[in-house]
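>>> Just need the structure, nothing else, for what follows:
(one chain, ligands or ions: 1)
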Amino acid sequence: MAKRGILDFLKDDVVLGDGGYVLELEHRGYIQAGPYTPEITIEHPDVLEQLHLEFRRAGAQVLQTLTFYASEDKLRSSGHAHEVEDINRAAVKVAKKAAGDDALVAGVITLTPTFEPDNQDSYHRVREIFDQQVALQKEDGVEFIIGETFLNLKEALIALEAIKAVGLVAMITMNFNGSGSPDGFSPEDCAKHLTDAGADIVGVNCNYDPTRSLAIAEQMRGATDVFIACQPAGYATPNPNMPFVEHALFPLSLERIQLTRFAFSEFAVKARDAGINYIGGCCGVLPYHVRAMAEALGRRPEGSEKSPDLARHIIPDVREKDDICYWREREKRATYEPARKV
Ligand SMILES: [Zn+2]
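From the prediction side, this is the model:
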């Protein structure tokens, strides 16, 4: 019997993805803030594998290869352009090792510095860049490919063409800033154009928190019949015109607006109920957020063996309130003032 692919899983139930790798590995000291390129795949594959394993243990059914910014042009910014092949191949190898038989591995391609919306000549060069990455990732055995974090629809469409040209399932997610893409397309437009061009899954990732991202995903849901994906950032973005990359705390102090596990358990339920098919996270989303989403969806991944059991806490006041709902409500009322009681 043929191995079940991503589309089989999506037909059955909501698929839970993983979270963000780049910023977390920067925190851990293995990716450099600035270029944010993923040469960790060849420099410290064991460290990357550990984070993959943590996401899998938390309930992720798909592990994304760490090939964000692994295009030749972007790797040039950190002096690694000559290692584009090794970096892409190593990323697939590490993800596959961590996935084992328990998770699917998705290749990843993403926005490039070469793309210029008003320069048609750049389109051909971008296509060559994507063709190279897609060929390497396919050869090493990814199950499908996610083209993600695209600001411009036109670049997303080039990525989609490159993925479809090799016959793989394509998931394309846009990274909106404000109400649409800089090249003038609303979320509905993007969903329609990407569907017409053959995308199997379309959606939104990065830039905004779960509330804003879900609102965008719902707009896309209403515009197409293909599967919808939503992979928000793990940072609070209450202003719809201010993605986290424009926040005063970006890029080195984002912890101060990091969202809790409860924000993601709530998101998972709302997204499922809104007909979103693929739920995961992007920058700032860590394994404990993924576990919270898995449990909110009624699942019990391996990591649930260490889910909270506050009845065993040493502080009596905490011990007496061992219902997780209490702590979820308490989080909503809490401020950042150091008050013990709320
Ligand atoms: Zn992101």
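
>>> what number of residues lie near Asp273?
Residues contacting Asp273 under the criterion other C-beta atoms under 10 Å number 8. (C-beta placed from N, C-alpha, C; glycine too.)

>>> State the distance from it to Ala296.
According to C-beta to C-beta, to the nearest Å, Asp273 and Ala296 sit 11 Å apart.

>>> Now do the closest residue to Val22 other than its chain neighbours, the pLDDT please.
In space, not counting the residues next to it along the chain, Val22 is nearest to Tyr36; the distance is 5.4 Å by C-beta to C-beta, 6 or more residues apart in numbering. Confidence at Tyr36, expressed as pLDDT, is 98.

>>> ok, now Thr335?
Looking at Thr335, its pLDDT is 67.

>>> Same check on Gly284?
The score at Gly284 is 98. That number is its pLDDT.

>>> just checking, it is part of a helix?
No: inclusion of Gly284 in a helix is not indicated when DSSP: H, G, I helix; E, B strand; the rest coil is applied; the result is coil.

>>> Now do the contacts for it.
Shown here is Gly284, whose contacts under the criterion C-beta atoms under 8 Å, 6 or more residues apart in numbering are Gly19, Gly20, Leu23, Ala233, Gly234, Tyr235, Phe244, Leu254, Gln258, Leu259.

>>> show me the contacts for the nearest residue to the last one once chain neighbours are set aside.
Which is Leu259. Excluding its sequence neighbours, the residue lying closest to Leu259 (C-beta to C-beta, 6+ apart) is Gly234, at 5.1 Å. Shown here is Gly234, whose contacts under the criterion C-beta under 8 Å, 6+ apart are 19-20, 209, 258-259, 263-264, 281-286, 289.

>>> ok, so what distance separates Gly234 from the ion?
Gly234 sits 9 Å away from the ion, going by C-beta to the ion, to the nearest Å.

>>> How about Leu66?
If you go by C-beta to the ion, the gap between Leu66 and the ion works out to 12 Å.

>>> which SS class is that residue?
In three-state terms, and counting by three-state DSSP, Leu66 is coil.

>>> now swap in Asp225 and tell me
Going by three-state DSSP: Asp225 is coil.

>>> Regarding the residue lying closest to it once chain neighbours are set aside, which helix or strand does it belong to?
The shortest distance from Asp225 to any residue other than its chain neighbours is 7.5 Å, reached at Thr195 (C-beta to C-beta, 6+ apart). In this structure, Thr195 sits in helix 187-196 according to DSSP states H and E.

>>> Check the offset of that helix from the chain's centre.
Between the centre of helix 187-196 and the centre of its host chain there is 20 Å, according to C-alpha atoms, centre = their mean, to the nearest Å.

>>> Convert it to CSV, retaining C-alpha atoms only.
The C-alpha coordinates for helix 187-196 follow below in CSV (Å, rounded to 0.1, in the frame of the first residue of the first chain):
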residue,chain,number,x,y,z
PRO,A,187,-6.0,37.5,0.9
GLU,A,188,-9.0,36.5,-1.2
ASP,A,189,-7.2,37.4,-4.4
CYS,A,190,-4.1,35.4,-3.3
ALA,A,191,-6.2,32.4,-2.5
LYS,A,192,-8.0,32.5,-5.8
HIS,A,193,-4.9,33.0,-7.9
LEU,A,194,-2.9,30.4,-6.1
THR,A,195,-5.8,27.9,-6.4
ASP,A,196,-6.1,28.6,-10.2
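
>>> returning to that earlier point: please tell me how far the residue nearest to Asp225 sits from the ion.
Counting by C-beta to the ion, the gap between Thr195 and the ion amounts to 23 Å.

>>> Now do the same contact list for that residue.
Neighbour list for Thr195: Val202, Ala223, Thr224, Asp225, Val226 [criterion: C-beta under 8 Å, 6+ apart].

>>> Recalculate using a threshold of 7 Å.
Under the criterion of C-beta atoms under 7 Å, 6 or more residues apart in numbering, the contact list for Thr195 reads Val202, Thr224, Val226.

>>> So how do I select the buried members of those residues in ChimeraX?
To isolate the buried ones among those in ChimeraX, judged by 16 or more other C-beta atoms under 10 Å, type:
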select :202,224,226
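
>>> The ion: which of the contacts of Thr195 is nearest?
Within those, the smallest distance to the ion is 17.1 Å, found for Val202 (C-beta to the ion).

>>> quick check: longest helix of this protein.
Using DSSP state H to assign secondary structure, the helix with the most residues in the chain is helix 120-139.

>>> Mind giving me the packing neighbours of that helix?
In this structure, helix 120-139 packs against helix 72-75, helix 84-99, strand 104-110, helix 153-165, with contacts taken as 3 or more C-beta pairs under 7 Å, 6 or more residues apart in numbering; DSSP states H and E.

>>> picking that back up, any buried residues in the helix holding Thr195, and which?
Pro187, Glu188, Asp189, Cys190, Ala191, Lys192, His193, Leu194, Thr195.
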